[in-house]
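Asker: Okay, here's the prediction I keep looking at, along with the sequence it came from:
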Amino acid sequence: MSAAPDRITELLAQSRVTGIDFIYVYPDQKTLDIYFLRAVTSLDMPLPGTINPGDILIYSPEASLPEIEVDTIDTWTNINNQDVLRLKTKSPGDFTLYNFKIIDPRIDDYFNDISFSFKANCPSDLDCKARDHECPPDEIVDFPIDYLARDFWSYRKALLDFASLRYPDWLDRLEADAGIMFAEVLSALGDEMAYYQDRISREAYLETASQRRSVRRHARLVDYHMHDGRGATGWLDFTVDTGIMDIAAGANVYSLSDDNSRIDFEVGKGIIESYLGKKYSVAASNNEFKPHLWDEDDTCLPVGSTEMFIKGHHAAHLAFDDLPADGLPGKWVLLKTSPADPAQPERAQLVRLITVTNTIDPVFNKKITHLVWEEAQALQNEFDLTVMTVRGNIVPATAGKSYEAFFIVDDLLENLSSAEREGFDGA
């Protein structure tokens, strides 16, 4: 992938848009100076005299606080060779961080919606240094204890070390000695108890639980009852040579286990889709999409992200083709990194798109597409945009293989409600 562009350099070289550099807050907490990156008077359509108080939005993105209204736009001036807009608000803001946004197409979206604090000029007597201890330090424990002891030999060593300090006259270390025998019995019990503690602690979390009954009980805490009649599921990432093709639900695919034994899967979400003749459409145009890089200093998608931009207009290619049980449209795509540096870990995460919008980067004047996915799939890791691709031919798969047992599906469909039957028909 090509190197990320320097957005500020490109912005200064064109005359369509400008951007907000920073905001200076006066001590009265109502007067603001808005500094711009590019001279606003040299734009194709100059800004001075065209910005009204209603075009400015000052809000708190984190707290449920009312917006700060702009009272007057005082002057446009030039300070240190930078164009500055001076305005006054009707009231000062709270101690939370606020965002400042000018709703105007001549302001680049990337350098808009700037975060600032109304209390930036307030005096502060905050001292982060901890106060000196007024009380004497705690007394040292009589005998040191090895809290890392977790198995038989570490417990045995810890007990004998304690015995050497507490009973220095006891020097016998023969295995037949009653004291040694008693220490080893306690070590064995400690080893067993440590094993039980580790097992119980692992079963206390969904990520590490190894027993199905533990997972079932965790699910019950949130009123979710596990279904025992459903096979394992996964996802397939297809690469198409040319054109568009349909893959029938029920098509057999397989992978190899560690011992090279075959593990069968079926395309689709189960035997019912095979019975109803469901087909999944994949296309060469959806093989992969490249991310759009806004700036050379912004090449990372942070943890928790739910949106990104890709190069080109692809709203038609990424049209929603799936209607899940919750009734929300969405298309599954795979975010994947392939770093050349082996020290950099590969990242992959599936997300379901809920909004796909064609738009334009006003600085580079290039076509881009805005992708937004669900909060439930917010990124769990950082993704390096320079080595990242978006894969669009993602198809569900179910573990197992069918053997012409459609009479079972007939019986199942008879027991479905009308709404459920319509859902399968629509699939």
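Answerer: Cool, got the structure. Numbering: from 1, shown residues only.

Asker: Just give the number of residues close to Gln211.
Answerer: 11 (other C-beta atoms under 10 Å). Using the backbone N, CA and C atoms, a C-beta is placed for each residue, glycine as well.

Asker: For His292, see how far away it is.
Answerer: 46 Å (C-beta to C-beta, to the nearest Å).

Asker: Straight-line length of stretch 256-265, end to end?
Answerer: 11 Å (C-alpha to C-alpha, to the nearest Å).

Asker: I'd like to check what contacts that stretch. Which residues are they?
Answerer: Gly234, Leu236, Asn252, Val253, Tyr254, Ser255, Ala397, Thr398, Ala399, Gly400, Lys401 (C-beta atoms under 8 Å, 6 or more residues apart in numbering).

Asker: ranges for the helices of this structure?
Answerer: 7-13, 152-166, 178-203, 212-220, 271-276, 406-414, 418-426 (DSSP state H).

Asker: tell me the most buried of those helices?
Answerer: helix 271-276 (a mean of 20; mean count of other C-beta atoms under 10 Å).

Asker: From the contact counts, what lies against it?
Answerer: Applying 3 or more C-beta pairs under 8 Å, 6 or more residues apart in numbering; DSSP states H and E, we find helix 271-276 packed against helix 406-414, helix 418-426.

Asker: What's the mean pLDDT across it?
Answerer: Averaged over helix 271-276, pLDDT sits at 80.

Asker: centre of the chain versus it, how much separation?
Answerer: 34 Å (C-alpha atoms, centre = their mean, to the nearest Å).

Asker: hmm, back to that, I'd like the list of the contacts of stretch 256-265 that fall within strands, please.
Answerer: Gly234, Leu236, Asn252, Val253, Tyr254, Ser255, Ala397, Thr398, Ala399 (DSSP state E).

Asker: among the helices and strands of the protein, which has the poorest mean pLDDT?
Answerer: helix 418-426 (a mean of 48; mean pLDDT, DSSP states H and E).

Asker: still on that earlier bit, any chance of the ones in strands among the contacts of stretch 256-265 in JSON lines, with distance to Arg38 and pLDDT too?
Answerer: Listed next are the ones in strands among the contacts of stretch 256-265 as JSON lines, based on distance: C-beta to C-beta, whole Å; pLDDT from 0 to 100:
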{"residue": "Gly234", "distance to Arg38": "50", "pLDDT": "87"}
{"residue": "Leu236", "distance to Arg38": "48", "pLDDT": "92"}
{"residue": "Asn252", "distance to Arg38": "59", "pLDDT": "88"}
{"residue": "Val253", "distance to Arg38": "54", "pLDDT": "89"}
{"residue": "Tyr254", "distance to Arg38": "58", "pLDDT": "87"}
{"residue": "Ser255", "distance to Arg38": "54", "pLDDT": "85"}
{"residue": "Ala397", "distance to Arg38": "51", "pLDDT": "91"}
{"residue": "Thr398", "distance to Arg38": "55", "pLDDT": "89"}
{"residue": "Ala399", "distance to Arg38": "57", "pLDDT": "88"}
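
Asker: which of those residues are buried?
Answerer: Neighbour counting over the ones in strands among the contacts of stretch 256-265 (16 or more other C-beta atoms under 10 Å) leaves Leu236, Ala397, Thr398 as the buried ones.

Asker: Quick check: the first one touching Ala397?
Answerer: Yes - if you go by C-beta atoms under 8 Å, Leu236 and Ala397 touch, sitting 5.1 Å apart.

Asker: Spit out the residues that contact these two alike.
Answerer: Val253, Phe265, Val267.

Asker: Leaving out the residues flanking it, which one is nearest to the second one?
Answerer: This points to Phe265. Spatial nearest neighbour of Phe265, chain neighbours left out: Ala397 (4.5 Å); criterion: C-beta to C-beta, 6 or more residues apart in numbering.

Asker: and the one you found, what is it in contact with?
Answerer: Thr233, Gly234, Trp235, Leu236, Val253, Phe265, Glu266, Val267, Gly268.

Asker: Next: Ala399.
Answerer: So Ala399 contacts Gly231, Ala232, Thr233, Gly234, Ile263, Asp264, Phe265 (C-beta under 8 Å, 6+ apart).

Asker: now Tyr254
Answerer: Tyr254 sits in contact with Arg262, Ile263, Asp264, Phe265, where contact means C-beta under 8 Å, 6+ apart.

Asker: Return the residues in contact with Lys90.
Answerer: Contacts of Lys90 by C-beta under 8 Å, 6+ apart are Lys30, Ile68, Glu69, Val70, Asp71.

Asker: Select only the buried ones of these in PyMOL?
Answerer: Provided next is the PyMOL selection string for whichever of the contacts of Lys90 are buried by 16+ other C-beta under 10 Å:
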select buried, resi 30+68+70
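
Asker: now the contacts of Lys90 in CSV, with distance to Asp161?
Answerer: Output for these, formatted as CSV (distance: C-beta to C-beta, whole Å):
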residue, distance to Asp161
Lys30, 68
Ile68, 66
Glu69, 71
Val70, 72
Asp71, 74
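
Asker: Tell me how many other residues crowd Glu62.
Answerer: With other C-beta under 10 Å as criterion, Glu62 counts 10.

Asker: Could you tell me the model confidence score at it?
Answerer: For Glu62, pLDDT reads 79.

Asker: Check the spacing between it and Thr96 real quick.
Answerer: On the measure of C-beta to C-beta, Glu62 and Thr96 end up 6 Å apart.

Asker: Just give me how far stretch 350-366 sits from the chain centre.
Answerer: With C-alpha atoms, centre = their mean, you get 18 Å for stretch 350-366.

Asker: Could you do stretch 272-289 as well?
Answerer: On C-alpha atoms, centre = their mean, the centre of stretch 272-289 falls 27 Å from the chain's centre.

Asker: Next: stretch 107-120.
Answerer: Taking mean C-alpha positions (C-alpha atoms, centre = their mean), stretch 107-120 and its chain are 23 Å apart.

Asker: Run through who's touching it.
Answerer: 7, 11, 17-23, 25, 29, 37, 92-95, 97-102, 294-295, 362-363.
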